[in-house]
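> Return atomic coordinates for the entry below.
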Amino acid sequence: MFSNYLIGLREGLEASLVVCILIAYLVKTGNKDRLGPLWLGVGLAAGLSLAFGAGLEFGTRQLTFEAQEAIGGSLSIVAVGLVTWMVFWMKRTARHLKTELHGKLDAALAMGTGALVATAFLAVGREGLETSLFVWRSVKAAGDGAGPLTGVLLGIATSIVLGWLFYRGALRIDLAKFFKWTGGLLVVVAAGVLAYGVHDLQEADFLPGLSNKAFDISETIPPDSWYGTLLKGTFNFQPDPTVFQLVVWALYLLVVLTLFLVPVGSGRSPATTSATTTAAATAAKGRDGDDAGRQARD
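Numbering: from 1, shown residues only. Model prediction:
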């Protein structure tokens, strides 16, 4: 349930912040009368996200077991890819997200009502579709029951409350740090969803190695025990993973988490820094020489 709460909180807060930034900018610039088209775009995006989630849930029920597993496994990989991209995108843009949205909103206001609706729809719709897909796969991975879905709904409800508090100015936090920590936790959750997707594809005979178990500790950690359920709901833990699952899980977690924890802007090599410093020093000397020459001529 915790992992699904985290997904709802993280994804929902991104959408809430986008909406708050757009509303605050319209009010601040004297365009309060344009809030109607903005809310229309937000509503359309929310409706599309709900319809997409419902289509995923009910559209696959009539398929054969192999087809369900193939589609579920493929969508797990797509969901993990989208969430991974989103986590890195937010890491890079969290500090200047407001400026970027303001620029898009200025352009939309100049173009008219339809552009304003489209801007709000696209800004929120992307978050909504990603959330629907990832939540659907995460809930499936966590197992049946109301717990996983309840966790998602609680997370979304919390994000709406936080967004309202941000808008009212009653709450201030370092969003860059918030998205860094929640992004790291989301990478761990995504690793579990990816491993679950691999298992689905193995059951659909799209990938080999279904019977090649890495280990089996089902007797030590029974899946139906309270701690087994807790581990599964939090980390998508499986007591009897295949070798393929374990390798994919470990590689994804090692590579993605390492890259995610690298500070932004640390990719500049010493050679590049040295070259930049040398060029700056040369330019400075050149300017000093020109100044000295002008003074001598004067």
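> Please determine how far Val78 is located from Val117.
28 Å (C-beta to C-beta, to the nearest Å). No exception for glycine: its C-beta is placed from N, CA and C like everyone else's.
> Those two - which one has more neighbours?
The neighbour comparison of Val78 against Val117 (other C-beta atoms under 10 Å) goes to Val117, with 21 against 14.
> Which residue comes closest to Leu13 once chain neighbours are left out?
Leaving out its chain neighbours, the residue that sits closest to Leu13 by C-beta to C-beta, 6 or more residues apart in numbering is Ser159, at 4.0 Å.
> Next secondary structure after the helix or strand that contains that neighbour?
Assessed by DSSP states H and E, Ser159 sits inside helix 146-168. Of the helices and strands lying after helix 146-168 in sequence (DSSP H and E), the nearest is helix 175-203.
> Next, the angle helix 146-168 makes with that next one.
160 degrees (axes from the mean of the first three to the mean of the last three C-alpha atoms, to 10 degrees).
> now helix 175-203: how far from the chain's centre is it?
For helix 175-203, the separation from the chain centroid amounts to 10 Å (computed by C-alpha atoms, centre = their mean, to the nearest Å).
> Okay, now the unreliable bits of the stretch 51-200 of the chain?
The model of the stretch 51-200 of the chain has pLDDT under 70 over residues 94-95, 140-148, 170-175.
> So which elements touch the helix holding Ser159?
helix 2-28, helix 113-142, helix 226-235 (3 or more C-beta pairs under 8 Å, 6 or more residues apart in numbering; DSSP states H and E).
> Which among those is found nearest to Leu259?
With C-beta to C-beta as the criterion, Leu259 lies closest to helix 2-28 of these, at 18.4 Å.
> what's next to the very next helix or strand once past that closest one, contact-wise?
Once helix 2-28 ends, the next helix or strand along the chain (criterion: DSSP H and E) is helix 35-59. For helix 35-59, contacts defined as C-beta atoms under 8 Å, 6 or more residues apart in numbering pick out 19, 22-23, 26-27, 75, 113, 116-125, 128-129, 131-133, 135-136.
> Quick check: buried residues in helix 35-59?
By 16 or more other C-beta atoms under 10 Å, the buried positions in helix 35-59 come out as Pro37, Leu38, Gly41, Val42, Leu44, Ala45, Leu48, Ser49, Phe52, Gly53, Leu56.
> just stretch 108-126 next, same as before
For stretch 108-126, by 16+ other C-beta under 10 Å, it's 108-109, 115-121, 123-126.
> nearest to Lys180, of those residues?
Arg126 (20.7 Å).
> And the closest one, how far from Lys32?
Arg126 is 26 Å from Lys32, by C-beta to C-beta.
> now swap in Glu11 and tell me
28 Å.
> what's the answer for Val187, then?
40 Å.
> ok, these two, which is more surrounded?
Val187 (21 against 11).
> and stretch 226-242, how far from the chain's centre?
Averaging C-alpha positions (C-alpha atoms, centre = their mean) puts stretch 226-242 23 Å from its chain's average.
> ok, now stretch 10-26?
Once both centres are worked out by C-alpha atoms, centre = their mean, stretch 10-26 turns out to sit 15 Å from its chain's centre.
> likewise stretch 157-164?
17 Å.
> Identify all contacting residues around that stretch.
5, 8-13, 15-17, 19-20, 171.
> Of the residues you listed, grab the buried ones for ChimeraX.
To isolate the buried ones among these in ChimeraX, judged by 16+ other C-beta under 10 Å, type:
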select :5,8,9,10,11,12,13,15,16,17,19,20
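> could I get the contacts of stretch 157-164 as TSV with distance to Gly209?
Shown next, in TSV, are these (distance: C-beta to C-beta, whole Å):
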residue	distance to Gly209
Tyr5	33
Gly8	33
Leu9	35
Arg10	32
Glu11	32
Gly12	37
Leu13	38
Ala15	38
Ser16	42
Leu17	42
Val19	45
Cys20	47
Leu171	48
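> Return the set of residues that bridge with the nearest residue to Ser211 once chain neighbours are set aside.
Leaving aside its sequence neighbours, Ser211 sits nearest to Thr242 (C-beta to C-beta, 6+ apart; 7.9 Å). Assessed by DSSP bridges, Thr242 has beta-bridge partners Lys213.
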